[in-house]
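Peer 1: Here is the input, now give the coordinates:
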Amino acid sequence: METKYCQSCGMPLQKQEELGTNRNGSKNEEYCCYCYKDGAFTMDCTMDQMIEHCAQFVDEFNKDSGVTYTREKAIAEMKAYFPTLKRWAGK
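Peer 2: This next block holds a predicted model:
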């Protein structure tokens, strides 16, 4: 099965409990539970603010992914990747 990624923060969506929820309580296949709940984004932010928020979790990402990004490298990668995500495309 192809891994899906949150279209707001880029987190891999690997388990049902990681999926966000729609207004009617059903699972949302595009966004994670941290970014999307009850049919709305949990944070009203810009893409750059989301990148800063996600940069807090670089150590956790490194531990789970087998790579070692510095905070600066992670931010640079996110600045390149996030514009391809649905929430930020065209902004």
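Peer 1: for the lengthiest strand in the chain, what is the average pLDDT?
Peer 2: As assigned by DSSP state E, the longest strand anywhere in the chain is strand 27-32. Mean per-residue pLDDT for strand 27-32: 97.
Peer 1: mind listing the helices for the chain?
Peer 2: 47-55, 58-65, 71-81 (DSSP state H).
Peer 1: Now do the buried residues in the shortest one.
Peer 2: Yep, that's helix 58-65 we're talking about. Buried residues in helix 58-65, defined by neighbour count with 16 or more other CB atoms under 10 Å: Val58, Phe61. To be clear about C-beta, it is placed using only N, CA and C from the backbone, and glycine gets the same treatment.
Peer 1: gap between it and the chain center?
Peer 2: In terms of CA atoms, centre = their mean, to the nearest Å, the centre of helix 58-65 is set 14 Å apart from its chain centre.
Peer 1: Direction-wise, compare it with helix 47-55 and give the angle.
Peer 2: Computed by axes from the mean of the first three to the mean of the last three CA atoms, to 10 degrees, the angle separating helix 58-65 from helix 47-55 equals 70 degrees.
Peer 1: contacts for helix 58-65?
Peer 2: The set of residues that contact helix 58-65 without belonging to it, under CB atoms under 8 Å, 6 or more residues apart in numbering, is Val67, Thr68, Tyr69, Thr70, Arg71, Ala74.
Peer 1: For the helices of the chain, which has the smallest mean pLDDT value?
Peer 2: Among these, helix 58-65 scores lowest, at a mean of 83.
Peer 1: What angle do helix 71-81 and it make with each other?
Peer 2: 80 degrees.
Peer 1: got the CA positions of helix 58-65 in PDB?
Peer 2: Only the C-alpha atoms of helix 58-65 are listed here, as PDB (Å, rounded to 0.1, in the frame of the first residue of the first chain):
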ATOM      1  CA  VAL A  58      13.100  17.100  14.000                       C
ATOM      2  CA  ASP A  59      14.600  14.800  16.700                       C
ATOM      3  CA  GLU A  60      11.600  12.600  16.700                       C
ATOM      4  CA  PHE A  61      11.600  12.400  12.900                       C
ATOM      5  CA  ASN A  62      15.300  11.600  12.800                       C
ATOM      6  CA  LYS A  63      14.700   8.800  15.400                       C
ATOM      7  CA  ASP A  64      11.900   7.200  13.400                       C
ATOM      8  CA  SER A  65      13.300   7.700   9.800                       C
END
